[in-house]
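[1] Provided below are the primary sequence and the corresponding predicted coordinates.
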Amino acid sequence: MNTEILLSIIKHAKINHEPEIDLSWQGIKELPPDIAELTEITDLDLTGNQLTTLPPEIGELRQLENLNVSDNQITKLPNKIRCLERLQKIDLSKNQLTTLPPGVGQLEKLTEFDVNHNQITQLPAEIGHLKNVLWMDLSHNLLRTIPPEIGQMSRLGELNLSHNKLSKLIVGLSQLSQLQWLDLSDNQLVNTPPRLEQLSRLGYLDLRNNLLTQPPPKIEQLTQLRWLDLRGNRLTTLPANIANLSQLRWLDISRNQVRHLPDEITQLVQLNELYISDNLLTHLPAKIAQLAQLKKLDVSRNQIGQLPPEIVKLQQLSELYLSRNKIKHLPPRIVHLSELKKLHLNWNPLRKLPSKVYDLPHLEEHDLYRPLFQTLLNISQMLLDKIQGQNKK
């Protein structure tokens, strides 16, 4: 869009007192100072252009409530942005910002703040002044630390800090008493933020792909937790007090170094999905039958030699992943898992399958032919090695 057309749109919007202007995906490289004339506008969408900056005149849009400048090439924001006193939502995602001006702290009516996919290395302490923000996405940046003032954002309910370079303890998070959703995945955390157990409303906690050797201390106090993701860390065990997470529906500890599951894990009676693949487990606790609500169980890529017969009591189970273990036999009564839709068994030394396993009424996805095929390959290889050994003699 050339300047002449853009000026015409601005003039038309001013004359007609239009509250919203959509200038998204128009190839705009620069906003003219005339943008300041849109003093009645409440919504401005500049998504998907080629802007590298916003003019200081943007601060004249005093009625603006929603500003979207995502998918541009903006490297710096004018400090005049502080003048947008009515702004409630701002989307700065997918730009090239390295810092935020201290003036953002004056956007006191802001409820949604999105700056994901930038190159931000640090946040101004003034971010703590945004006491009405309910949702904030800082993911996919270059943050190494978070200012403790973040703890002053007293209404914050959802915070995404994933895909940064956080390695130091994040002080202040424990003060976010309204926080219900926290994503710290794909960072370099060796320890979890201190006093995380004080987040009494927390229902979703994502800590995957860090360097943690243990879950958060006093995790049992997060009694509202429904979703816990710890995959891709350096865990060697789970604490017995995890049993106190009575509301937990979803647990993933895949890609760790866990050798043993505590029996207490079977007290998570509300659990619907349990993922423990890519660990060092040699067996499952017999009490696993207590997880009566379990629908998905993934124990693939471990060293499990046999399944406990009690597994057949998981009558809600619809997906069972057992691939790449050392299982030689399946419990005969596994055919009673009548809700099973997906069954994966490949790369186990199975020599025989229960005769009626193919008759499971809801089975849609399986690899039942592979275990026997792999066994035949193993036997063939053994015979070949034996023949070759005899020939050498």
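    That came through, no problem. Keep in mind it's a predicted model, so treat the numbers as computed, not measured.

[2] Now do stretch 333-348: everything it contacts.
    For stretch 333-348, the external contacting residues (Cβ atoms under 8 Å, 6 or more residues apart in numbering) are 295, 300, 307, 309, 311-312, 314-328, 330, 354, 356-357, 359-368, 370-371, 374. Where you see a C-beta, it was placed from the backbone N, CA and C, and this is true even at glycine.

[3] Check the average confidence over that stretch, would you?
    Mean pLDDT, stretch 333-348: 93.

[4] Export it to CSV, keeping only CA atoms.
    Extracted in CSV, the C-alpha atoms of stretch 333-348 (Å, rounded to 0.1, in the frame of the first residue of the first chain):
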residue,chain,number,x,y,z
ARG,A,333,-6.7,-61.1,30.5
ILE,A,334,-5.5,-58.0,28.6
VAL,A,335,-8.2,-58.9,26.2
HIS,A,336,-10.6,-57.6,28.8
LEU,A,337,-9.5,-54.0,28.3
SER,A,338,-12.7,-53.5,26.2
GLU,A,339,-12.2,-49.8,25.7
LEU,A,340,-8.8,-50.1,24.2
LYS,A,341,-8.5,-48.2,20.8
LYS,A,342,-4.7,-48.0,20.5
LEU,A,343,-2.2,-50.7,21.4
HIS,A,344,1.5,-50.4,20.5
LEU,A,345,3.8,-53.4,21.2
ASN,A,346,6.5,-53.2,18.6
TRP,A,347,10.2,-54.0,19.4
ASN,A,348,9.5,-56.3,22.3
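
[5] List the buried residues of it.
    334, 335, 337, 340, 341, 342, 343, 344, 345, 346, 347, 348 (16 or more other Cβ atoms under 10 Å).

[6] and the residue lying closest to residue 190 once chain neighbours are set aside, what does it touch?
    Spatial nearest neighbour of residue 190, excluding adjacent residues (Cβ to Cβ, 6 or more residues apart in numbering): residue 211 at 4.9 Å. By Cβ under 8 Å, 6+ apart, the contact list for residue 211 reads 188, 189, 190, 233, 234.

[7] pretty sure the first one is touching residue 166, no?
    Meaning residue 188. Yes. Between residue 188 and residue 166 there is a contact under Cβ atoms under 8 Å: 6.5 Å.

[8] ok, now how distant is residue 28 from residue 73?
    The gap separating residue 28 from residue 73 is 11 Å, by Cβ to Cβ, to the nearest Å.

[9] Residues in contact with both of those two, list them for me.
    50, 51.

[10] Who has more neighbours out of these two?
    residue 28 (20 against 13; other Cβ atoms under 10 Å).

[11] Would you map the helices across the stretch 251-393 of the chain?
    Counting by DSSP state H, counting those that start in this stretch, the stretch 251-393 of the chain has helices at residues 369-392.

[12] which regions of it lie under the pLDDT threshold?
    The stretch 251-393 of the chain contains residues with pLDDT under 70 at 369-387, 389-393.

[13] quick one, strands of it?
    Ranges of strands within the stretch 251-393 of the chain are 273-275, 296-298, 319-321, 342-344, 365-366, based on DSSP state E, counting those that start in this stretch.

[14] for the ones you listed, which one sits closest to residue 284?
    Closest to residue 284 of the strands of the stretch 251-393 of the chain, according to Cβ to Cβ: strand 296-298, at 8.9 Å.

[15] Can you spell out which helices and strands pack onto the closest one?
    Under the contact criterion of 3 or more Cβ pairs under 8 Å, 6 or more residues apart in numbering; DSSP states H and E, strand 296-298 touches strand 273-275, strand 319-321.

[16] Switch the strands of the stretch 251-393 of the chain over to CSV, and while doing so, append distance to residue 257 to every line.
    Below are the strands of the stretch 251-393 of the chain laid out as CSV (distance: least, Cβ to Cβ, whole Å):
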stretch, distance to residue 257
strand 273-275, 15
strand 296-298, 17
strand 319-321, 19
strand 342-344, 23
strand 365-366, 29
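
[17] For residue 227, find the nearest of these.
    Residue 227 lies closest, by Cβ to Cβ, to one member of these: strand 273-275, at 9.3 Å.

[18] Work out the sheet partners of the closest one and label each with its direction, please.
    According to DSSP bridges, strand 273-275 forms sheet pairs with strand 250-252 (parallel), strand 296-298 (parallel).

[19] Check what pLDDT residue 176 gets.
    Note on residue 176: pLDDT of 97.

[20] what's the distance between it and residue 32?
    Going from residue 176 to residue 32 by Cβ to Cβ gives 41 Å.

[21] ok, the two, which is more surrounded?
    Ranked by neighbour count (other Cβ under 10 Å), residue 176 and residue 32 place residue 176 first, with 22 against 14.

[22] Can you tell me how far the more buried one is from residue 66?
    Residue 176 sits 25 Å away from residue 66, taking Cβ to Cβ as the criterion.

[23] who's in contact with residue 184?
    161, 162, 166, 170, 192, 193, 205, 206, 207, 210.

[24] Kindly recompute the last result at 6 Å.
    The contact partners of residue 184, taken as Cβ atoms under 6 Å, 6 or more residues apart in numbering, are 161, 207.

[25] can you list the domain ranges for this structure.
    Partitioning the chain according to automatic domain parsing yields domains covering residues 1-76, 252-393.

[26] Any idea which of the ones you listed gets closest to residue 241?
    Per Cβ to Cβ, nearest to residue 241 of the domains of the chain: domain 252-393, 7.5 Å.

[27] mind showing which ranges of the stretch 51-200 of the chain have poor pLDDT?
    By pLDDT under 70, the stretch 51-200 of the chain has no low-scoring segment.

[28] one more time with 80
    169 (pLDDT under 80).

[29] All the strands of it, residue numbers only.
    66-68, 89-91, 112-114, 135-137, 158-160, 181-183.
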